[in-house]
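A.B. asks: Give me coordinates for this.
(one chain, ligands or ions: 1)
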Amino acid sequence: MTGPLIKTELPGPKARAIIERDTRHVSPSYTRSYPFVMERGAGAMVEDVDGNRFLDCAAGIAVTSTGHAHPDVVAAVTEQASRFLHMSGTDFYYEPQVKLAEELAALSTMKEPVRCFFGNSGAEANEAAIKLARHYTERQYFIAFLGAFHGRTMGAVTLTASRAIQRRGFGPVMPGVYHAPYAYCYRCPVKLRPDTCQAECLDFIENSILVHLVSPDEVAGVIVEPIQGEGGYLVPPQQFHDRLRALTRQHGILLIVDEVQSGMGRTGKMLASEHYGLVPDVMTLAKGIASGLPLGVALAHADIMNWPPGAHASTFGGNPVSCAAALATIKLLKDTLVENARLVGDYLLDGLKALAERHRLVGDVRGKGLMIGVELVRDRETKERATSERDEVVGACFRRGLLVLGAGANALRFAPPLVLSKPQADVAVRILDQALTEVERAR
Ligand code: PLP
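C.D. replies: Numbering: from 1, shown residues only. Predicted coordinates for the structure are as follows:
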């Protein structure tokens, strides 16, 4: 599969038939932005059931880190599957889980010895982090950030503050969670200039939450995405993480760093925390960790992850096939793909920034590695959010053979498999250029 190739109307006849069946029997709570029905994939290319080919800059929501069906991952999965599929690491032992825990402990930025709890998703990893923080600190409260996404289970969704629909009808959610403004520098919540910023957005935690709402000695944890994902691919300044780390340390609050979307090579380093020299107390991983197989992990120093047998577990968590996929994924990331994400990410970022010069809709282009957000605005002065235009651009990209997703109210996100090549980055920029032209002309 080389470049994009659209042969039928979209959706094509086979895709239409499958979507019709889906409508009858699959939960309507899923958010499908456009009608892509997958048949197969290789690297950064995917083909739909009607034989149309697309360049994938969505990667199953930042998951297929090594590309679709990487032969090394497929071989590791097949080899493990032929020996045993499941034995439950909560009740028995198997080496792939131990080996993966050793690998993850070594690549984490935390001080050894580090221990791993295995679940099946990002939400489960964060759910484990919540329980662990309460258990270890014997405190109850949490602080999270506006715009954050940490998952949709009842605990995780309480930390999430992304879109009201994700909470509507489900309340009351977990008590004792407060939200503070994130470092959304393009729309600075405290209206600062970047050159004088001292991360004053964190004043809200220090001077409001910890003064008016909760005593610091009752806060178990602060959870933060090093680069905010669903919120719009927001890259905070160094001082934001420095100050947050100092503040949490001062009060004995655990700093939980959610690397579910930003981790596993996506930002051009194994972990986004590394860009900041950020050392968490608890870290969570999922998404790109096993190239698409379900796996979520909460990691912490052994002194913190010191809960007794029976305190927390999951039947499928750390499934041996997922562990084998993760081990193969980590090897590929270390060998070439983290570096590729850095190189091709810089190249793609430059290409997307150049589009801002030609398209009035583009307000901001930001990111690290292959985690890049393009925020669309109706007016560069007022920064009025171009939400419907963003949705139209996503649709126009799809019709031309490029899969991208939205992030936040009005940003596009580029989160391709980390195998993306420079010629493929050129294709992505060219198609976005055409899509922006189409939407701008129609207005
Ligand atoms: N944390 C972050 C930063 C995420 O981006 C996501 C999903 O988008 C999650 C947690 C939840 O992961 P999952 O959908 O696997 O539960």
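A.B. asks: Beta-bridge partners for whichever residue of the stretch 301-443 of the chain sits closest to the ligand, please?
C.D. replies: The minimum distance from the stretch 301-443 of the chain to the ligand, using CB to the nearest ligand atom, falls at residue 407 (9.5 Å). Bear in mind the C-beta positions are built from the backbone N, C-alpha and C, glycine included. With beta bridges defined as DSSP bridges, residue 407 has these partners: residue 411.
A.B. asks: Identify the residue nearest the geometric centre of this protein.
C.D. replies: residue 261 (2.0 Å; CA atoms, centre = their mean).
A.B. asks: So which residues on the chain come close to the ligand?
C.D. replies: By the rule CB under 6 Å from any ligand atom, the part of the chain lying against the ligand is 61, 121-123, 126, 149-151, 225, 229-230, 258, 260-261, 286.
A.B. asks: Now with 5 Å, please.
C.D. replies: Residues of the chain found near the ligand (CB under 5 Å from any ligand atom) are 121-123, 149-151, 225, 229, 258, 260-261, 286.
A.B. asks: ok, so of these, who is nearest the ligand?
C.D. replies: Nearest to the ligand among these: residue 122, at 2.2 Å, using CB to the nearest ligand atom.
A.B. asks: List the contacts of the closest one.
C.D. replies: Listed by CB atoms under 8 Å, 6 or more residues apart in numbering, the contact set of residue 122 reads 150-151, 156, 258, 260-261, 284, 286-287, 296.
A.B. asks: Strands of the stretch 151-300 of the chain, start to end?
C.D. replies: Using DSSP state E, counting those that start in this stretch, the strands found in the stretch 151-300 of the chain span residues 177-180, 219-224, 254-258, 282-285, 296-301.
A.B. asks: would JSON lines of those strands with mean neighbour count and mean pLDDT be doable?
C.D. replies: Shown next, in JSON lines, are the strands of the stretch 151-300 of the chain (neighbours: other CB atoms under 10 Å; pLDDT from 0 to 100):
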{"stretch": "strand 177-180", "mean neighbour count": "20", "mean pLDDT": "98"}
{"stretch": "strand 219-224", "mean neighbour count": "26", "mean pLDDT": "98"}
{"stretch": "strand 254-258", "mean neighbour count": "27", "mean pLDDT": "98"}
{"stretch": "strand 282-285", "mean neighbour count": "29", "mean pLDDT": "98"}
{"stretch": "strand 296-301", "mean neighbour count": "26", "mean pLDDT": "98"}
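A.B. asks: The residues of the chain next to the ligand: which two are farthest apart?
C.D. replies: Spatial extent of those (CB to CB) is set by the pair 121 and 225 at 15.8 Å.
A.B. asks: who has more neighbours, the two?
C.D. replies: A count of neighbours by other CB atoms under 10 Å puts residue 225 above the other of residue 121 and residue 225, at 26 against 20.
A.B. asks: For the nearest residue to the more buried one once chain neighbours are set aside, give the beta-bridge partners.
C.D. replies: Leaving aside its sequence neighbours, residue 225 sits nearest to residue 258 (CB to CB, 6 or more residues apart in numbering; 4.9 Å). Residue 258 has the following beta-bridge partners by DSSP bridges: residue 284.
A.B. asks: wait, what's in contact with residue 258?
C.D. replies: Residue 258 makes contacts with 122, 126, 129, 148, 150, 223-226, 283-284, as judged by CB under 8 Å, 6+ apart.
A.B. asks: For residue 142, which non-adjacent residue is spatially closest?
C.D. replies: Leaving out its chain neighbours, the residue that sits closest to residue 142 by CB to CB, 6+ apart is residue 177, at 4.8 Å.
A.B. asks: measure that neighbour to the ligand for me?
C.D. replies: Distance, residue 177 to the ligand, by CB to the nearest ligand atom, to the nearest Å: 15 Å.
A.B. asks: repeat for residue 255
C.D. replies: As judged by CB to the nearest ligand atom, residue 255 and the ligand stand 15 Å apart.
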